[in-house]
Structure formats: C-alpha cells, structure tokens
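> Show me how the following folds:
(2 chains)
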Amino acid sequence: MYKELYKTTTFTEIARIVEPGSRVLDLGCGDGALLDLLEKVKKVSGLGIDIDEEAVVGALERGITAVCEDFDSALTHYKKSMYDYVILSQTLQVVKRPDHLLSEIVRVGKKAIVTFPNFAYYRVRLRLMFGGRMPKSKILPWEWFNTPNIHLLTINDFRNFCRTHGIRILKAVYFGSKVRRRAVSLLSNLLSEEALFVIERKK
Amino acid sequence: MAKKREASVGVVEPQKFTFARPPHELVLESGQKIGPITVTYETYGTLNAAKDNAILVVHALSGDAHAAGFHKKTDKKSGWWDIMIGPGKPVDTTRFFVVCSNVLGGCKGTTGPSSINPKTGKPYGISFPVVTIGDMVTVQKHLLDHLGIQKLHSVIGGSMGGMQVLEWVLQYPDISKSAIVVASCAALSAQAIAFDAVGRNAITADPAWKNGKYAGNARIPGLAVARMLGHITYLSEAGMRERFGRTLYENDDYSYEFKDEFAIETYLAYKGSTFLDRFDANSYLYVTKAMDYYDVAAQYGKGSLEKAFSRVKAKMMFVSFTSDWLFPPRQSIEMVHAFQKSGKDAAYLNIDTAYGHDSFLLPCDRLFRGIRNFLLHVKDSGEA
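From the prediction side, this is the model:
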C-alpha cells in the first residue's frame, strides 16, 4: 500500500524531470511500471533491466522491452552517454557495489536519477536509539536477516560520495511528511524519508 | 487427450511447393546449384486480407514441418511445438497465420540427400551439395513468395531454428517486424561443434552407412548412437538425476551382463532406435554441418557481432534457459549486448529451469507468457 504511494510520488517526480523523447535505461525495472509511465507521458524510448525473470515477464506483459540480467556487473559493455537518463529507483541500496554502479551510470547516462530510502530519517534514528533494534518502517519493512538492502545510506553519505567521486548533483528532491518537496534545507538529512537526486559526471 | 485437442489446430495436411526447376536451379552459398527443390510445409490459422499476420516458425535439427495439430484424427502425437501454436496459445492461430516448413537438406518432405536426383534416378546421398543456414532461409523466402506473403509479423525458432531466425533478420531485414530466438546462438561453440563431429563420426564409421550409398530403408545404427549423444546434450545433469537417477529399468539387481540395465540406458536406446525410423543418416550429416558453419559475426560483421546486428530492423527477443549447456545463456547474453551496442534494444528472458536445452519444447509458463506478450506488443514498422 505504502509502496504504491511511494511509487506514485517518486514516479511522478521522475516523469516530471525526464524530457520528452529521452532514451532511458531503468536498472532494477521490476515489472516496468516506471518505464510504462514514462513511455506514456514522455514518449521515451526505454529499456529495463532486472535480475528477476518474473519481473521481466511482467514488463513484457506491459509491452516494455526488458532484459533479464544481473547488472551488478553488466554495464561494462555499454558505451559512454548511450542513454539520456539511467534510472536507479530504490535499487542503489540492494546492489553489491554501489560505488562501481554509480560511476557506471554517470558514464552510460548523460544524466542519472537515483532514489533511495534515507537511513538518517529521524524516525529511523529514533527507532534505533530507543528501540535498540534495526529500524523497520513502511519503506524499510524487512527484518535484519531477510532485507535485500545490503548498503543502506543517508542523504549526507550520498552527497559526500558524489563530492569525492567526481559526480555533480544537478537536483535533489526530498520526500517526507515533515518536509516540503524540493526544500533545500540543512535538515533534509534528518527530515526526509526518501531522496531523489539527478546527477551527472563532472566534465 | 480430449481436452488437449480442444486447444489444437486439429487435423492438418502437409502441402508441397516445387521451384528452382532446371535450368533455374537455386545457387547455394557454396556456389553449387540444386534444383528442382520441393518444400513440404504446413499452415495454421488464416492469412488476413492485408497479409500481415503471418508468423514463420522454423524448426530445430530433428524437427519438421509438422509443428502443430495432428495428421490423422487417430494420431497420438501432435506436432513438435503444439504446446506453443494453436487457438489461444502463445502463437495464437486465431490471430496469426502460421507457416512452418521442413528445411533444405532435411528428410521430412523437403529436398535433401534422401531425395531422388532427377539426373540419376537415384537418391542424392552425399553427392547432395552442402547446404547452409543461409540456404535454408533462402528456400523459406521462396515459399513465402509462393504464398504471397511479403511481410511477417514474426519469425520464431529454437536451437537451430533460432539460427535460422537470426539469418532471416540479417538476410531479409525488411520482411519481419519481429523475431524470437530461443535457446540459440550466433555461432556454435567449440563444444557444440565437437558433439556434432562425434555424431557424424558415429554415422560415417558405421559400415552400414556405406559411404552414404545405403538403401533408402536401411537402418544405420551409427545414427542411433549420434542421436543418443545428442539427447545427452539436450538434457542436464540435474534433469537426468531427477528423471532417471540410478534406477534399473527392469531388474532389481545387476545382471552382470553388457545389456541396457539402467533406466537412462534403455531410455537413450529407445530414443536412438525410434530415431532410425524417422530420420535419414545423411540428412543428419548435412544439417549438423550447416549448424557448424553458421557464424553471424563472420558472415555479416567482419568478425563483429555488433556490426552484423546493425543491419537488423526487427524487434528482437531472446530466450535462454539456465541449465542449457549446449546453447548456454552466455551466448544469448552476448547477442543481447551486441544489439545494445549497436544502439538497439532487445528483450531477453533467461528462464530458470533444470531441463537443459530441451526446455524450449517443454511446457513453461514464463516462456509462454513472454512469447505471447512480446508478439502482442509488436507494432507496425517504424517502431524500434
């Protein structure tokens, strides 16, 4: 339920950002819902990649071109700037080497859009601090032992990574009950449950 | 069985088409000429008025034109891809007009080494010219011309069929709007060529083969050995373990004799023996040779698959099976990557199954849904 709501807000935001007719690569495309939306409202030409074959069948059912592959290592054959946008929606925290992948997506995409749950969100902090156990929430519903999220991060972590790895942040959008969207706030790291960044490689 | 027949195309009759009559023989890739050529084919469904709903299905090594339905009401066995083709099935004959023909060099009604050479009045045998995957596709193009089909909705095939699919979109890039390559490759691996070579050696080393000049109804045990070997490569270790294990076929204990005892032995012996009833040893030589020679990168891209695929206009879909070690997923992924490099998007499904290369002929929900939906979303030309 919440996941659907989350999708609606971030997907709408992504659809707002992507220019019409763009060539888009969606990594971790799932059943192709985002590409379906982008193809409908922005007439993009999209390709999805997902490791899960059931997800790829789902994407084919929507008429989305999708590839069943583990992209942890699969971007090496893509040429530089092949896509206008590479999208990593709620996927960064599940891959084996986020550092490698981030440098790959800004190589393959002229721009990249990354969304992830912010582990510094104050409610997450409170749960850890006062509950003394790994935080769970609607956006982090798993137990420590079965979560696919093996590389959780915070907004500040992401900003710091970009600064030290030659990546320019073009835009940041924050999502959370206490934060107005697009709020450029010193407190964004505390008050945002999720974040969206548009990034590119520094020339 | 009754239920199965409800979703079947029903009783079908193979048809024949002859062309390349002398002096207009077909010039083959090798430069040699052959004619006349008779093609045996079957069709299912109805060609629409615009003639744009046709799908060409191409068969694998031991397949034939009989892809779906039954030849007689009393037939126990249906066509080789009956689970895929029929009313309401993934290749839906209520929407599409499906054509399937036996390949050039085959032995199921299309001209091949067992056909009579009109010049001698005897079977061609190994005087039949060596044919290629490209030649097979050229012959299929003549058949489509004969049927008045200028555009294909799709061309679909598995294994050697997949090689013909690739050849179709390369040799005739403007004909088919889409193409589905199942459990195939752009060129056989050394391992696959090795298995073909052993199969051919089993035949040619057999005295019954008589340098290819055996009588038409002669049984060549070497062909059965080739088929047994082939069968092993179509299955997987896990699949064999699950289906046969170390079970003895009849006895409770070892007989301490050299006869077929293990269930897997009797199974292979049975498969080999029945193959002698339905396949020609010389055809086996020709068709496996055609597969061995096929090399997309060499023929169309000066060694580069990416360059070769740059000429393709069809919307592509690739399917592989995780346990297929004859045409491993790696070979499909290479093709998908080559398409991406040439700036084209190809769909790719890697299906997790334990049944090896033969998986493409078995019921598989994800394979069915993938193919059904891919075909439904193929748009008119101009769509990338």
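
> Just to be sure, A:Val114 is in a helix?
No. A:Val114: not assigned to a helix; according to DSSP: H, G, I helix; E, B strand; the rest coil it is strand.

> Outline the domain layout of chain B.
B:2-188+B:294-376, B:195-288 (automatic domain parsing).

> ok now the first one, how far from the chain's centre?
Just to be clear, that refers to domain B:2-188+B:294-376. Averaging C-alpha positions (C-alpha atoms, centre = their mean, to the nearest Å) puts domain B:2-188+B:294-376 6 Å from its chain's average.

> Now residue 22: closest residue in space that isn't a chain neighbour?
Answering for chain A, as no chain was given. Nearest residue to A:Ser22, sequence neighbours excluded (C-beta to C-beta, 6 or more residues apart in numbering or on different chains): A:Asp84, at 3.8 Å. The C-beta positions use only the backbone N, C-alpha and C, and glycine is treated the same way.

> not what I meant, chain B
B:Gly35 (5.5 Å).

> How about the contacts made by that neighbour?
B:Gly35 is in contact with B:Phe19, B:Ala20, B:Arg21, B:Pro22, B:His24, B:Glu25, B:Leu26, counting by C-beta atoms under 8 Å, 6 or more residues apart in numbering or on different chains.

> picking that back up, packed most tightly, which of the domains of chain B would that be?
domain B:2-188+B:294-376 (a mean of 20; mean count of other C-beta atoms under 10 Å in any protein chain shown).

> And the contacts of stretch B:265-282?
B:62, B:107, B:112-114, B:125-126, B:128, B:203, B:209, B:212, B:214, B:219-225, B:227-228, B:231-232, B:244, B:249, B:260.

> on that earlier part again, so how many other residues sit close to the residue nearest to A:Ser22?
A count of nearby residues for A:Asp84, using other C-beta atoms under 10 Å in any protein chain shown, gives 17.

> is it true that it lies in a strand?
Yes. When classified by three-state DSSP, A:Asp84 is found to be part of a strand.

> Please name the nearest non-neighbouring residue to B:Gly303.
B:Ala297 is the one closest to B:Gly303 (C-beta to C-beta, 6+ apart), at 5.4 Å.

> Please spell out which residues along stretch A:138-156 are buried.
For stretch A:138-156, a neighbour-count test (16 or more other C-beta atoms under 10 Å in any protein chain shown) marks A:Ile139, A:Leu140, A:Asn149, A:Leu152, A:Leu153, A:Thr154, A:Ile155 as buried.

> Mind checking what helix or strand follows the strand or helix carrying A:Val124 in sequence?
According to DSSP states H and E, A:Val124 maps onto helix A:122-126. Going down the chain from helix A:122-126, the next helix or strand is helix A:155-164, by DSSP H and E.

> centre of the chain versus the helix or strand just after that following helix, how much separation?
Using DSSP H and E, the helix or strand that directly follows helix A:155-164 along the chain is strand A:167-175. When C-alpha coordinates are averaged (C-alpha atoms, centre = their mean), strand A:167-175 and its chain have centres 12 Å apart.

> and strand A:167-175, what does it pack onto?
helix A:2-17, helix A:98-108, helix A:155-164, helix A:188-191, strand A:194-201 (3 or more C-beta pairs under 8 Å, 6 or more residues apart in numbering or on different chains; DSSP states H and E).

> The second one near chain B at all?
No. Counting by C-beta under 8 Å from any C-beta of the partner chain, chain B has no neighbours in helix A:98-108; the shortest distance is 10.2 Å.

> could you dump that helix to PDB, C-alpha only?
Taking C-alpha atoms only, helix A:98-108 is exported to PDB below (Å, rounded to 0.1, in the frame of the first residue of the first chain):
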ATOM      1  CA  PRO A  98      27.100   0.800  -5.200                       C
ATOM      2  CA  ASP A  99      30.300   2.700  -5.800                       C
ATOM      3  CA  HIS A 100      31.000   0.900  -9.000                       C
ATOM      4  CA  LEU A 101      27.500   1.200 -10.200                       C
ATOM      5  CA  LEU A 102      27.200   4.900  -9.500                       C
ATOM      6  CA  SER A 103      30.300   5.600 -11.500                       C
ATOM      7  CA  GLU A 104      29.000   3.400 -14.300                       C
ATOM      8  CA  ILE A 105      25.600   5.000 -14.500                       C
ATOM      9  CA  VAL A 106      27.000   8.500 -14.900                       C
ATOM     10  CA  ARG A 107      29.200   7.100 -17.700                       C
ATOM     11  CA  VAL A 108      26.500   5.300 -19.600                       C
END
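
> Now it: buried residues?
Here helix A:98-108 shows A:Pro98, A:Leu101, A:Leu102, A:Ser103, A:Glu104, A:Ile105, A:Val106, A:Arg107, A:Val108 as buried, counting by 16+ other C-beta under 10 Å.

> Return the angle between stretch directions for it and strand A:194-201.
60 degrees (axes from the mean of the first three to the mean of the last three C-alpha atoms, to 10 degrees).
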